[in-house]
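*Asks:* structure here, sequence nowhere to be found:
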C-alpha cells in the first residue's frame, strides 16, 4: 500500500479531553473518521469530546491513558484500536508541560516529564506502528511536539529534552516506515489558547501578543487543521517534517516571542 492510496477511516488522538486534542478529534471526525479519545484526569472532558465526534456523525470510543505508565500504556492503545475496529491515523498529543530550571529539576520531575512526553509516546507509537504494518493499508503517525522541539526555553530542561527527543523519533520513523506507506510528521505549536496554557475558552484573537509576528496566540482549531491535513490523502508526499504552528514565534525565538511586551521591535 503506497502513501498516496491511503484512505483513513479510523483515528486515535491521545490527550483529547480538551484543547488541541479535542479540536483534532473533531477535525478528524469531520474528515470522516471514527475516533478513539483518551483522557488522563478529565473523564468529563473526554466524554464531551466524544459527544462532539458523534455530533459530527462519527463513532467515538473513550478510554483512560497514562503515558507515564510505560510500557503498560501500549496495552491501552492496542485495546482501544481493537474496540475502534482498527486505526489508520495515530495522533500522539498527550503529555505534560513545562518544568523548573535545570538546577531545580529533581530526578522525579525529570523522569515524570520524560516518561509522559517521550517514553510513553514511544511505546504507544511503536504499538500502533506494528498494527499499521500488519494491516498493510498505509497510515499516518503524527506527534504534537512544541516550538521547543526546535528551540529551547529557560526553565524547561526536561520538557525541552523530551520534545527534542520526540521530534527526533518521528524523523527516524519517517525513514524506517516509509516503505510501508506510513508517513510520520510532527506538529509544533507555539502559544495556543488551551487549558494547558491557562486559557480555556479564551478567544485568542482578543489577546495581544507583541512578541508574536501575527500579534496573538493561536486557536486549537488552527493546529487541528494542520494535523487533519497531515492525516489526509493530500499529504501523501509529506514525511519526516515538523510543522510549526506558532504565528511566526519561532522566527523571534520562543523566549523572546512570549516575553516581549511592546511592538517596538516591528519598527527597529
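*Replies:* Done, it's in. Since the model is a prediction, treat every value here as computed from it, not as a measurement.
*Asks:* and the lowest-mean-pLDDT helix or strand in the chain, which residues are buried?
*Replies:* Using mean pLDDT, DSSP states H and E, the weakest-scoring helix or strand in the chain turns out to be helix 254-259, at a mean of 85. Buried residues in helix 254-259, defined by neighbour count with 16 or more other Cβ atoms under 10 Å: 254-255, 257-258. Every residue, glycine included, has its C-beta placed from N, CA and C.
*Asks:* low-confidence stretches in the stretch 51-200 of the chain?
*Replies:* For the stretch 51-200 of the chain, residues meeting the criterion pLDDT under 70 lie at 195-200.
*Asks:* quick one: the strands in it?
*Replies:* Listed in chain order, the strands of the stretch 51-200 of the chain (DSSP state E, counting those that start in this stretch) span residues 60-64, 89-92, 139-144, 182-189, 192-193.
*Asks:* could you dump those to TSV with mean neighbour count and distance to residue 158?
*Replies:* Formatted as TSV, the strands of the stretch 51-200 of the chain follow (neighbours: other Cβ atoms under 10 Å; distance: least, Cβ to Cβ, whole Å):
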stretch	mean neighbour count	distance to residue 158
strand 60-64	18	24
strand 89-92	28	18
strand 139-144	27	17
strand 182-189	26	18
strand 192-193	24	20
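*Asks:* now those strands as TSV including distance to residue 173?
*Replies:* TSV is the format used below for the strands of the stretch 51-200 of the chain (distance: least, Cβ to Cβ, whole Å):
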stretch	distance to residue 173
strand 60-64	24
strand 89-92	11
strand 139-144	6
strand 182-189	4
strand 192-193	24
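*Asks:* quick one, which of the ones you listed is nearest to residue 221?
*Replies:* strand 192-193 (9.7 Å; Cβ to Cβ).
*Asks:* now for the closest one, which elements pack on it?
*Replies:* Judged by 3 or more Cβ pairs under 8 Å, 6 or more residues apart in numbering; DSSP states H and E, strand 192-193 is in contact with strand 218-219, helix 220-230.
*Asks:* show me the contact partners of the last one.
*Replies:* Counting contacts by Cβ atoms under 8 Å, 6 or more residues apart in numbering, the residues outside helix 220-230 that touch it are 19-20, 22-24, 26-28, 30-31, 91, 140, 142, 144, 183, 185, 187, 189, 192-194, 235, 238, 243, 245.
*Asks:* please point out which parts of that helix sit buried.
*Replies:* Using 16+ other Cβ under 10 Å as the test for burial, helix 220-230 gives 220, 222-224, 226-230.
*Asks:* excluding covalently adjacent residues, which one is nearest to the residue most central in space within the chain?
*Replies:* When Cα atoms, centre = their mean is applied to the chain, the residue found nearest the centroid is residue 144 (2.3 Å). Of all residues not flanking residue 144 in the chain, residue 93 sits nearest, at 4.4 Å (Cβ to Cβ, 6 or more residues apart in numbering).
*Asks:* contact partners for that neighbour?
*Replies:* By Cβ under 8 Å, 6+ apart, the contact set of residue 93 is 13-16, 20-21, 24, 144.
*Asks:* so how far is residue 105 from residue 87?
*Replies:* From residue 87 across to residue 105, the span is 35 Å (Cβ to Cβ, to the nearest Å).
*Asks:* quick one, which of those two is more surrounded?
*Replies:* Counted by other Cβ atoms under 10 Å, residue 87 and residue 105 do not tie: residue 87 has more neighbours, with 27 against 18.
*Asks:* for that one, grab phi and psi.
*Replies:* phi -150, psi 120 (degrees, to the nearest 10).
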